[in-house]
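S.K.: Structure here, sequence nowhere to be found:
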């Protein structure tokens, strides 16, 4: 037995009556097979419909349809609870169905538009919950090419061309200018966008191209020898337009400029930021050099070594720069502790200093209850508390040769 697919007769059918002809479990969930259904099963890049199955005459006895699966001509409806009755009434989630109809029909139009404008063929299609994608067989399409295809596709929408699905015999295919060959040898269904596109397809579609609403290319991604094009149709395109409008309005307020001048305003701000970063980097370098010089002058002498060992409150990256500057001086040994929620310790030494910074750090962080390690000339670790940092610095000083 095969399930009669009512959506082939009328994609706009929202409710229907049917009889249960089978029960099973799929993936641990209850599923029922019906003799007829308006629910579309997953296939051809299009997700399944969802909705409700209710007991005829008792709408309160209902189950949610969470998935629809086709298996050898039988369509199974995965539901969230068992239904004991055999006579049911189904209701398709119309908002989801119509959205899928808009996206799928829009894909037919956009795929043909890419062929006619740039001889780029669609090799894959995916209808996602937020956006749709097609994969094209060429990767050299830039912004101007994408814009041209989008304009061509929306021109077809403006013409409100009829979209007509029909089953054809195999011998009739040769007379049709198909965009791609069918994947089946029987039950071949061709969806025609009048005078524009002919494509084998088992999905659901709007009645004419005007109902697609709009087609908007949202982005591209190169994937090997193919170009993935992300697009939005109908309601999704309007929602995205509203999102972009809100972003633009927010930027207008923040930059205190007209919307058409936003790019210039961003460029000006970026140039200002580059100048500020350069100035800040210069000031940071001056600060590091002067701080290192002051620490060096105040550092005690241990034999042939001069040791800078203390705890500081500035960020770890700044402490690293100070330590790097200090270790460039002959005979320098540096132990800089950085206080904070996660105290850090840096041990470093000049190239001519006979001290192993890695060993020194391990002695220090062990005393402070932490851990770390590194090279003979540079090492870094951490301790759990600022009190532990003080113990670590004391242990480092005690371990230095006299």
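M.R.: Sure, I can see it. It should be emphasised that the depicted structure is a prediction, and the values quoted were computed from it without experimental measurement.
S.K.: going forward, measure contacts and count neighbours with C-alpha atoms only.
M.R.: Noted.
S.K.: pLDDT score assigned to residue 113?
M.R.: Note for residue 113: predicted pLDDT of 98.
S.K.: how does this protein divide into domains?
M.R.: 4-92, 98-245, 287-399 (automatic domain parsing).
S.K.: Average pLDDT for the shortest one, rounded please.
M.R.: It stands for domain 4-92. Mean predicted confidence for domain 4-92 is 95.
S.K.: Run the chain-centre distance for that domain.
M.R.: 32 Å (CA atoms, centre = their mean, to the nearest Å).
S.K.: got it, and the last one?
M.R.: What separates the centre of domain 287-399 from the centre of its chain is 43 Å, taken as CA atoms, centre = their mean.
S.K.: how far does that domain stretch from start to finish?
M.R.: 30 Å (CA to CA, to the nearest Å).
S.K.: got it, and stretch 4-21?
M.R.: 12 Å.
S.K.: Kindly report the same for stretch 133-146.
M.R.: OK, stretch 133-146 end separation, CA to CA: 14 Å.
S.K.: Could you say which of the domains of the chain is packed most deeply?
M.R.: Of the domains of the chain, the one with the most neighbours on average (mean count of other CA atoms under 10 Å) is domain 287-399, at a mean of 20.
S.K.: Can you name the residues that contact the closest residue to residue 202 other than its chain neighbours?
M.R.: With sequence-adjacent residues excluded and distances taken as CA to CA, 6 or more residues apart in numbering, residue 202 is closest to residue 189, at 6.3 Å. Residue 189 is in contact with 165-168, 200-202, counting by CA atoms under 8 Å, 6 or more residues apart in numbering.
S.K.: try 6 Å
M.R.: Each residue near residue 189 by CA atoms under 6 Å, 6 or more residues apart in numbering is listed here: 166-167, 200-201.
S.K.: Can you tell me which of those residues end up in strands?
M.R.: Using DSSP state E, the subset of these located in strands is 166-167, 200.
S.K.: how close does residue 80 get to residue 21?
M.R.: Residue 80 is 18 Å from residue 21, by CA to CA.
S.K.: Show me the contact partners of the strand ranked longest in the chain.
M.R.: For the chain, the longest strand by residue count, based on DSSP E, is strand 58-71. Residues from elsewhere that reach strand 58-71, judged by CA under 6 Å, 6+ apart: 41, 48, 50-55, 75-81.
S.K.: Distance-wise, check the residue lying closest to residue 220 once chain neighbours are set aside relative to residue 104.
M.R.: Closest residue in space to residue 220, ignoring its immediate chain neighbours: residue 229 at 4.5 Å, by CA to CA, 6+ apart. Distance of residue 229 to residue 104, given as CA to CA: 14 Å.
S.K.: cool, residue 171 as well?
M.R.: From residue 171 to residue 104 the distance is 27 Å (CA to CA).
S.K.: Where do the helices of this structure begin and end?
M.R.: 6-9, 94-118, 143-158, 234-255, 262-298, 316-326, 357-367, 386-399 (DSSP state H).
S.K.: Any chance of a markdown table for the ones you listed, columns distance to residue 213?
M.R.: What follows is those, written out as a markdown table (distance: least, CA to CA, whole Å):
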| stretch | distance to residue 213 |
| --- | --- |
| helix 6-9 | 21 |
| helix 94-118 | 8 |
| helix 143-158 | 7 |
| helix 234-255 | 4 |
| helix 262-298 | 28 |
| helix 316-326 | 54 |
| helix 357-367 | 66 |
| helix 386-399 | 63 |
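S.K.: Mind checking those for the one nearest to residue 350?
M.R.: When those are compared for distance to residue 350 using CA to CA, the nearest one is helix 316-326, at 8.1 Å.
S.K.: Okay, angle between the closest one and helix 262-298 too, please.
M.R.: 50 degrees (axes from the mean of the first three to the mean of the last three CA atoms, to 10 degrees).
S.K.: that older thread, closest to residue 277 out of the contacts of strand 58-71?
M.R.: The nearest one, if we look at the contacts of strand 58-71 relative to residue 277 and count by CA to CA, is residue 48, at 52.6 Å.
S.K.: didn't the closest one look like it was pressed against residue 41?
M.R.: Yes: using CA atoms under 6 Å, residue 48 is in contact with residue 41, at 4.4 Å.
S.K.: the residue most distant from the middle of this protein, which is it?
M.R.: residue 303 (59.9 Å; CA atoms, centre = their mean).
S.K.: so what's the residue nearest to residue 220 bridging to?
M.R.: residue 134, residue 220 (DSSP bridges).
S.K.: quick one: contacts for it?
M.R.: 133-134, 220.
S.K.: Present the residues you listed as JSON lines; the columns should include distance to residue 271 and pLDDT.
M.R.: Shown next, in JSON lines, are the contacts of residue 229 (distance: CA to CA, whole Å; pLDDT from 0 to 100):
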{"residue": "133", "distance to residue 271": "36", "pLDDT": "97"}
{"residue": "134", "distance to residue 271": "38", "pLDDT": "97"}
{"residue": "220", "distance to residue 271": "28", "pLDDT": "97"}
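S.K.: neighbouring contacts of the lowest-mean-pLDDT helix or strand in the chain?
M.R.: Ranked by mean pLDDT, DSSP states H and E, the weakest helix or strand in the chain is strand 301-302, scoring a mean of 86. The contact list for strand 301-302 (CA under 6 Å, 6+ apart) reads residue 402.
S.K.: can you do 8 Å?
M.R.: Residues contacting strand 301-302 (CA under 8 Å, 6+ apart): 307, 401-402.
S.K.: same question, stretch 262-279
M.R.: Looking at what lies outside stretch 262-279 - CA under 8 Å, 6+ apart - the contacts are 251-252, 255, 257.
S.K.: To what extent is residue 258 buried, counted in neighbours?
M.R.: 13 (other CA atoms under 10 Å).
S.K.: and if you look at the one 5 residues further on?
M.R.: Around residue 263 there are 10 other residues, counting by other CA under 10 Å.
S.K.: do the same with residue 270
M.R.: Neighbour tally, residue 270, other CA under 10 Å: 12.
S.K.: ok, now the one 3 residues further on?
M.R.: By other CA under 10 Å, the residues close to residue 273 number 12.
S.K.: First-to-last residue distance for stretch 207-218?
M.R.: 25 Å.
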